[in-house]
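Engineer: Quick one: sequence and predicted model below, then my questions.
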Amino acid sequence: MTLVLAGDVGGTKTLLALAEPAGESVHIVRETLFPSPRYPGLAPIVLEFLKDVREPVAAACFGLPGPVIDGACRTPNLPWSLTEQSLAQETGLAQVRLINDFAAAAMGMLALPTKAFVTLQEGVAETHGTRAVIGAGTGLGQAVLFWDGRRYRANPTEGGHAGFSPQGELQRELGAYLEKSYLPVSAERAVSGPGLVRIYRFLVERGVSTWPEVTQAIAREDPGQVIARYALAKQDLACEQALDLFVVAYGSEAGNMALRSMATGGVYVGGGIAPKILPKLQDGTFLRAFRDKGRMSDLMSRIPLRVALDPRAGLLGAALEASLAPAQP
């Protein structure tokens, strides 16, 4: 069997796996989680993982947070400066690829089984049509899958840093509120985990009521998770309205991306937040905002829209990219 090394690198944790790709499917043979900040770079993590690997590794691919240009990346949330060449030299791996982490997540959508998705809109997928992938987490990832004549390839973007496009009076007020701290206001300032917290605080300052226990929980726990929990349980008005406004903005941005990429092959919603708020994504709020594109609404109603539930999409995508890497000269 042909084994590859796949990595999903993050600011808090790095997940490495030995994998066996077969076509668009990936079998994970072994995986290990490492705390990223404890290491001075990626090479020591790779070497620690490989010390127990006896099988030959044909190639490696690592998804990294931030743009990868000419095989190099300076990670924005870790003090690491990485290149494909130096990583290969330090680890002894014959073939190394570095790609954007959300490009890896986009490729991972191809490897996930049907049961790993929840459909929000069946639509009618165009054969080999472009597919868009969007995912809110710490930030807002966006990538495009395009057909090159033989297979899908991932094109990473930094679309989450494009401008926030408020619709309606309440969103315009939110945009003005965000401008007090951020100028210009990017989409991920609202559509992300921290964005949900900003929306909640905006509503509270606007006068929407919230329970003292929510404020206390936010001080102790992850604020976004607290807000989502109370919203889904319908136990706090500010949390409910915050999640509603967040999902409207999220759906609208997903629709924007679908139009910009002409995603006739479908839109995948990934990232860490979507599975945690799935009931809210399924209540129609997200889909209405996604479709609400004026003269393009009919087109939007034909685009398949699915939520990915498997958090390992980035790891699977990195494995696929490793297996598809061109041979070294």
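Structural biologist: Everything's here; your move.

Engineer: For the nearest residue to residue 83 once chain neighbours are set aside, grab phi and psi.
Structural biologist: Spatial nearest neighbour of residue 83, chain neighbours left out: residue 72 (4.5 Å); criterion: CB to CB, 6 or more residues apart in numbering. C-beta coordinates here come from the backbone N, C-alpha and C atoms, glycine included. Backbone torsions for residue 72, taken as degrees, to the nearest 10, come to phi -130, psi 150.

Engineer: Could I get the average pLDDT for the longest helix belonging to the chain?
Structural biologist: In the chain, assigned by DSSP state H, the helix with the most residues is helix 237-261. Mean pLDDT, helix 237-261: 98.

Engineer: Neighbours of residue 39, how many?
Structural biologist: 16 (other CB atoms under 10 Å).

Engineer: Report whether the expected contact of it with residue 45 is present.
Structural biologist: Yes - between residue 39 and residue 45 a contact is recorded at 5.2 Å, counting by CB atoms under 8 Å.

Engineer: coming back round to it: just the pLDDT for the residue nearest to residue 83.
Structural biologist: Per the predicted model, pLDDT is 96 at residue 72.

Engineer: just to revisit the earlier point, joint contacts of residue 39 and residue 45?
Structural biologist: Counting by CB atoms under 8 Å, 6 or more residues apart in numbering, the common neighbours of residue 39 and residue 45 are residue 14.

Engineer: check contacts around the closest residue to residue 96 other than its chain neighbours.
Structural biologist: The shortest distance from residue 96 to any residue other than its chain neighbours is 4.3 Å, reached at residue 88 (CB to CB, 6+ apart). Residue 88 makes contacts with 94-96, as judged by CB under 8 Å, 6+ apart.

Engineer: What strand or helix carries residue 88?
Structural biologist: helix 84-91 (DSSP states H and E).

Engineer: Using PDB, write out every CA atom in that helix.
Structural biologist: Output in PDB follows, covering the C-alpha atoms of helix 84-91 (Å, rounded to 0.1, in the frame of the first residue of the first chain):
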ATOM      1  CA  GLU A  84       8.600  23.000   1.400                       C
ATOM      2  CA  GLN A  85      12.300  22.600   0.800                       C
ATOM      3  CA  SER A  86      13.400  23.200   4.400                       C
ATOM      4  CA  LEU A  87      10.800  20.900   5.800                       C
ATOM      5  CA  ALA A  88      11.800  18.100   3.400                       C
ATOM      6  CA  GLN A  89      15.400  18.600   4.400                       C
ATOM      7  CA  GLU A  90      14.700  18.700   8.100                       C
ATOM      8  CA  THR A  91      12.400  15.600   8.100                       C
END
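
Engineer: contacting residues around the residue nearest to residue 74 when sequence neighbours are not counted?
Structural biologist: If the residues on either side of it in the chain are set aside, residue 74 comes closest to residue 81, at 4.9 Å by CB to CB, 6+ apart. Shown in contact with residue 81 (CB under 8 Å, 6+ apart): 72-75.

Engineer: now for the residues you listed, which pair is the farthest apart?
Structural biologist: 72 and 75 (10.9 Å; CB to CB).

Engineer: Need the overlap of contacts for these two.
Structural biologist: What both residue 72 and residue 75 touch, as defined by CB under 8 Å, 6+ apart, is the set 81-82.
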